[in-house]
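A.B. asks: Model the structure of this input:
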Amino acid sequence: MMQHIINSAQTCLDCKKPKCQKGCPVNTPIAEMIRLFLAGDIKIAGEKIFENNPLSIICSLVCPHEKHCEGHCVLNKKYTPVNVGGIENYISTYYMNYKEFEKPKSNGHNIAIIGSGPAGISLAMILALKGYEITMYEGHDKIGGVLRYGIPDFRLDKSILDELLLKLKKIGVKIRPNTLIGKNITIDELFRDGYKAVFIGTGVWTPKKLGLKGETLGNVHFAIDYLKSPKAYNLGKKVVIVGAGNVAMDVARTAIRNGSREVSIMYRKGFEQMSAEKLEVEYAKIDGVKFNLYKLPLEFTSKGIKYLSTDEENPNIEGFEEADSILVSISQQPRDLIVSNTKGINVGEDGLVVTNENGETTREGVFASGDVVTGARTVVEAVALSKRVAISIEKYIANLKEQEAC
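C.D. replies: Prediction:
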């Protein structure tokens, strides 16, 4: 593996204006990172990419590199692009094992972070290392959010999250697990107890429904719920997933790894219209997932799915697809626990929290980023937003200090 990483790094052209960096949502200094790596300065390389992206060790594994950095590599035109993800992961893993994390001197300002997904973890890292006193509230018993409960183990080793938890504790971040804000604890109470700013990074965990007859049956499940604990389900041999996004591909590949023998994707359009990344679709094919295209579900039954053909050659013909289990994977939306119990936080028609470009919500002192603002996006996009929010929170607290001094 190391030889492969070195060989790929040596193909980098060290472009003066690296397109790979522009293609990265967090503007990772890729050419500089590779230059330092090949020169034997791996610790400096690791420090630079960690300071730019505190979740580089995770992004290097789960990012759609073919869409971002590697997709913009100039070698793509005629050759194989540089394996940026592999190189970054090697450097990040080395650096996180080498780096001694310590709690910095406190600046006396308390910040509450609601949700411990990629948006919350990256913000906690950034601000805690600057001396802010951070308390992170998580509804589950373990941190990670979508990283732990929405990404399969074969794509992300969860022990990485356990290591990140140790790092967070070392820099002084306090964790309150099994705590849902908006229910037993409100945002008003957080401000009452001395928090200068509150950040919402709760993600999107409520599955969208199709509204079809049979959706409440015992053999019908929601994809996002299944990914939380796949071993708790007995799906049977034949499984059909309705939907064609990245989550649908993850669910299909997870079902195969958990004993299902015939797993297929049912989608009303063709491959070109799928929202899933092309590489994710190819991975699904390699794993044995089949694709039932141009089929629109009409009704779920205990035996399978009634559907309508949307194929131009054979339109409006009804059919039936047998299935032991059906998983609905047509996107998610936020829970409304916080906004329904808090005045002044506006949401859009889709339930997503409304913010400006700096992550400021319509209530003073409350900030938000990640999927709860944008809808389901990539981890690196959540990190990019949280970096902007960190700057915004610091400016907000600085203004509070000036007002208090007057």
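A.B. asks: mind listing what residue 382 touches?
C.D. replies: Shown in contact with residue 382 (CB atoms under 8 Å, 6 or more residues apart in numbering): 117, 118, 119, 122, 201, 369, 370, 371, 374. All C-beta spots, glycine's among them, are computed from the backbone N, C-alpha and C.
A.B. asks: Quick check, the first one in contact with residue 151.
C.D. replies: Which is residue 117. No. Using CB atoms under 8 Å, residue 117 is not in contact with residue 151; the gap is 10.5 Å.
A.B. asks: Neighbour count: the two, which is higher?
C.D. replies: A direct count of neighbours by other CB atoms under 10 Å for residue 117 and residue 151 places residue 117 higher, at 26 against 21.
A.B. asks: Now that one. Nearest residue, chain neighbours left out?
C.D. replies: Excluding the flanking residues, the one nearest residue 117 by CB to CB, 6 or more residues apart in numbering is residue 145, at 2.4 Å.
A.B. asks: returning to that earlier point: which pair of the contacts of residue 382 spans the longest distance?
C.D. replies: Largest separation among the contacts of residue 382 by CB to CB: 122 and 374, giving 14.5 Å.
A.B. asks: Residue 324 and residue 73, how far apart?
C.D. replies: Plainly put, residue 324 is 43 Å away from residue 73 if you go by CB to CB, to the nearest Å.
A.B. asks: Quick one: residues in contact with stretch 212-227.
C.D. replies: Contacts for stretch 212-227 (CB under 8 Å, 6+ apart): 149-152, 205, 207, 209, 233, 235-236, 241, 243, 247-248, 250-251, 254-255, 297-302, 323-329, 332.
A.B. asks: Could you tell me which of those residues count as buried?
C.D. replies: 149-151, 205, 207, 233, 235, 241, 243, 247-248, 250-251, 254-255, 297-298, 300-301, 323-329, 332 (16 or more other CB atoms under 10 Å).
A.B. asks: Who are the packing partners of the helix or strand of the chain with the lowest mean pLDDT?
C.D. replies: One helix or strand of the chain scores below all others by mean pLDDT, DSSP states H and E: strand 332-333, with a mean of 89. Applying 3 or more CB pairs under 8 Å, 6 or more residues apart in numbering; DSSP states H and E, we find strand 332-333 packed against strand 206-207.
A.B. asks: Run through who's touching the strand it packs on.
C.D. replies: Residues contacting strand 206-207 (CB under 8 Å, 6+ apart): 222, 223, 224, 225, 328, 330, 331, 332, 333, 334, 335, 351.
A.B. asks: Quick check: what element follows the least confident helix or strand of the chain along the chain?
C.D. replies: strand 366-368 (DSSP states H and E).
A.B. asks: In terms of model confidence, name the weakest of the contacts of strand 206-207.
C.D. replies: Of all these, residue 335 carries the smallest pLDDT score, 85.
A.B. asks: beta partners of the nearest residue to that one once chain neighbours are set aside?
C.D. replies: Nearest non-adjacent residue to residue 335, counting by CB to CB, 6+ apart: residue 206, 5.4 Å away. Beta-bridge pairing for residue 206 (DSSP bridges): residue 333.
A.B. asks: With residue 6 as the reference, measure out to residue 206.
C.D. replies: For residue 206 relative to residue 6 (CB to CB), the value is 45 Å.
A.B. asks: In contact with the residue nearest to residue 117: list those residues for me.
C.D. replies: 115, 116, 117, 118, 120, 138, 201, 202, 203.
A.B. asks: Narrow those residues to those in helices?
C.D. replies: Under the assignment DSSP state H, the contacts of residue 145 contribute 118, 120 to helices.
A.B. asks: State the pair within the contacts of residue 145 that is farthest apart.
C.D. replies: 118 and 138 (13.0 Å).
A.B. asks: distance of residue 237 from residue 261?
C.D. replies: Counting by CB to CB, the gap from residue 237 to residue 261 is 5 Å.
A.B. asks: Oh, that last question was meant for residue 289, not what I typed.
C.D. replies: Distance from residue 289 to residue 261, by CB to CB: 12 Å.
A.B. asks: quick one, which of those two is more surrounded?
C.D. replies: More crowded of residue 289 and residue 261, by other CB under 10 Å: residue 289, with 22 against 12.
A.B. asks: from memory that one sits against residue 250, does it?
C.D. replies: No. Assessed by CB under 8 Å, residue 289 is found out of contact with residue 250, at 10.7 Å.
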